[in-house]
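> from the sequence below, what's the structure:
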Amino acid sequence: MHLHYQDDLTGITREQLSCFCVGWKYPLNGEELYKILQNSYTFVLAVDGNRVVGFVNALSDGLKFAFIPMLEVLPDYKNQGIGTKLMTRLLDRLHDIQNIDLTCDIDLQTFYDKFGMLKSNGMVLRKYLTAEEAKAYRNNQ
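Numbers count the residues shown, from 1 in each chain. Predicted structure coming up:
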């Protein structure tokens, strides 16, 4: 593995981002992920040779608040510390931002604990859910 990290899209194609969102009900395609990264305040990519194997991004006002919407690592590269390195590098880039939020499933909270993040309550709107799916989601929370 020849892993390096970069914070720009130089040499990155939309096709290189097309294999993410594994297990998502409505996965994002490479074009959508490329635009998301392009429009982010900052991001970090993990690249193995010419293959993007992970990324994390942040949205921010550049002053007080940032939100981390996505951290993705390809299944074959999980449990190798890549997610931890991506988060560490992203948080370094956000070091002047006082309030950094993200939402995640309960089973992922222990991963984010190690970065000093605090558990909190929040609300989300998922327009792609049917009324039945939204009701089931509410009942599982």
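
> quick check: phi and psi on the residue lying closest to residue 20 once chain neighbours are set aside?
Leaving aside its sequence neighbours, residue 20 sits nearest to residue 72 (CB to CB, 6 or more residues apart in numbering; 4.6 Å). Bear in mind the C-beta positions are built from the backbone N, C-alpha and C, glycine included. Per-residue torsions, residue 72: phi -130, psi 130 (degrees, to the nearest 10).

> now for residue 72: which residues touch it?
Remark: with contacts taken as CB atoms under 8 Å, 6 or more residues apart in numbering, residue 72 is in contact with 20-21, 54-56.

> what's the farthest-apart pair in those?
Largest separation among the contacts of residue 72 by CB to CB: 21 and 56, giving 13.8 Å.

> what are the ranges of the helices in the protein?
Assigned by DSSP state H, the chain shows helices spanning 30-38, 82-93, 109-113, 131-140.

> reformat those as CSV; add distance to residue 101.
What follows is the helices of the chain, written out as CSV (distance: least, CB to CB, whole Å):
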stretch, distance to residue 101
helix 30-38, 17
helix 82-93, 13
helix 109-113, 11
helix 131-140, 20
